[in-house]
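J.: Let's see this in three dimensions:
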Amino acid sequence: MTQVPAPPTDQAAYWNQAGGQAWVDLQNLMDRLNRPIEEVLVARAFPGAGKRVIDIGCGAGATTLGMAKRLGPEGLCLGVDISGPLIEIAKAQAIAGAQFVEADAQTYDFGAPGFDAAMSRFGVMFFSDFDAAFANIRAGLKPGAELVFACWRKPADNPMAVIASRAAAPFLPPTPPTDPLAPGRFAFADPDRVHGILQRSGWAQINIDRLDTPTPVALPDLVTLSLRMGPVAAALRDQDEAVRGKVREAVETALAAEAVNGVVPMVAGCWLVTARA
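T.: Numbers count the residues shown, from 1 in each chain. Now for the predicted structure:
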């Protein structure tokens, strides 16, 4: 079996260097691709006008801004992310009721329990200690406040997420098998694991529901995204132009086979997770 390139292991370094810069460069594409998930998440997590919300792993701030608009000028949505480059972009777009801080939500001091909700769009699967992270987030919420987050289900439910990696693998050095429990995109694929983490860290009324959201993307955009972000991009960083060219051709061919009239009909296979502090 062809080994798929492994994801980065040092999340802080990745998101403050190559990964963060790639997201900055592709911000408009990323926001457009993730908007359907953002809309579902913000609507579900909204605690009421004038309330206070934490946005975990806020990236360039799209979800934070979306929530801040709903909360109104008397409310607050605090976006937290470990990526300095992304937080700088977020701060440049800040509106009334939206604040941003470069920090790790696993250890950040949210102060006395004062937030009415916490949410995350694909930002909670990268902590080094999941139990500690969710306990820390809960400590910043009022009793009974709601946590709402979206995370990826297994790769089989998101085939477009791994097509590029599999196409690129024959041209790249072998990598060790990926630990499915390690921090990374699919770390929360197993709902029983997610339930256990939340239960151990003190959350109650835990619900985990399937969420399948169409996210069609133009073929050239998906090729660019596949080569600039994620495991293929990380593996290509130390390769010469000959290898890069072969990988690009292989990725383009593999993704083109999935396209219909120039558009790849992706569906985001996620879990929508809710719990109470």
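J.: could you pull out the strands for the stretch 151-277 of the chain?
T.: Per DSSP state E, counting those that start in this stretch, the stretch 151-277 of the chain carries strands over the ranges 204-214, 217-218, 263-264, 267-276.
J.: residues in contact with A167?
T.: 247, 250-251, 253-255 (CB atoms under 8 Å, 6 or more residues apart in numbering). Yep, even glycine has a C-beta here, placed from its N, CA and C like the rest.
J.: Out of those residues, who's the most crowded?
T.: Most neighbours among the contacts of A167, by other CB atoms under 10 Å: V247, with 24 neighbours.
J.: Near the closest residue to that one other than its chain neighbours, how many other residues are there?
T.: Leaving aside its chain neighbours, V247 sits nearest to A168 (4.6 Å; criterion: CB to CB, 6 or more residues apart in numbering). By other CB under 10 Å, the residues close to A168 number 28.
J.: now do V243
T.: V243 has 16 nearby residues by other CB under 10 Å.
J.: Same check on R248?
T.: Neighbour tally, R248, other CB under 10 Å: 18.
J.: Quick check: it touching R228?
T.: No. Here R248 does not reach R228: they are 11.1 Å apart, not a contact under CB atoms under 8 Å.
J.: picking that back up, can you tell me which of the contacts of A167 is nearest L172?
T.: Ranked by distance to L172 (CB to CB), the contacts of A167 are led by V247 at 7.1 Å.
J.: and stretch 251-264, how far out from the chain's middle?
T.: 24 Å (CA atoms, centre = their mean, to the nearest Å).
J.: I misspoke; the intended subject was stretch 45-52.
T.: On CA atoms, centre = their mean, the centre of stretch 45-52 falls 22 Å from that of its chain.
J.: Then stretch 111-119?
T.: On CA atoms, centre = their mean, the centre of stretch 111-119 falls 21 Å from that of its chain.
J.: Wait, a helix at P85?
T.: Yes. Looking at P85 with DSSP: H, G, I helix; E, B strand; the rest coil, it is inside a helix.
J.: Could you count how many residues lie near it?
T.: For P85, the neighbour count with other CB under 10 Å is 20.
J.: ditto for G50
T.: G50, neighbours per other CB under 10 Å, totals 13.
J.: Go ahead and confirm it touches R70.
T.: No. In this structure G50 lies outside contact range of R70 using CB under 8 Å: 10.5 Å.
J.: I'd like to know which elements the longest helix along the chain is packed against.
T.: Longest helix in the chain by number of residues (criterion: DSSP state H): helix 27-45. The contact analysis (3 or more CB pairs under 8 Å, 6 or more residues apart in numbering; DSSP states H and E) places helix 27-45 against helix 62-71, strand 115-121, strand 141-152, strand 204-214, helix 219-228, strand 267-276.
J.: Give me the buried positions along it.
T.: For helix 27-45, the neighbour count (16 or more other CB atoms under 10 Å) marks 27, 29-31, 33-34, 37-38, 40-42, 44-45 as buried.
J.: what does that helix rub up against?
T.: 23, 53, 59-60, 62-63, 66-67, 70, 89, 117-122, 146, 148-150, 211, 213-215, 217, 221, 224-225, 268, 270, 272, 274.
J.: Put the buried members of these into a PyMOL selection.
T.: Buried members of the contacts of helix 27-45, defined by 16+ other CB under 10 Å, are picked up in PyMOL with:
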select buried, resi 23+53+59+60+62+63+66+67+70+89+117+118+119+120+121+122+146+148+149+150+211+213+215+217+221+224+225+268+270+272+274
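J.: measure the nearest residue to E74 once chain neighbours are set aside to A62 for me?
T.: Leaving aside its sequence neighbours, E74 sits nearest to G50 (CB to CB, 6+ apart; 4.0 Å). Using CB to CB, to the nearest Å, G50 is found at 22 Å from A62.
J.: Nearest residue to the middle of the protein?
T.: F122 (2.8 Å; CA atoms, centre = their mean).
J.: Quick check: that one touching W152?
T.: Yes. With contact defined as CB under 8 Å, F122 counts as touching W152 (6.9 Å).
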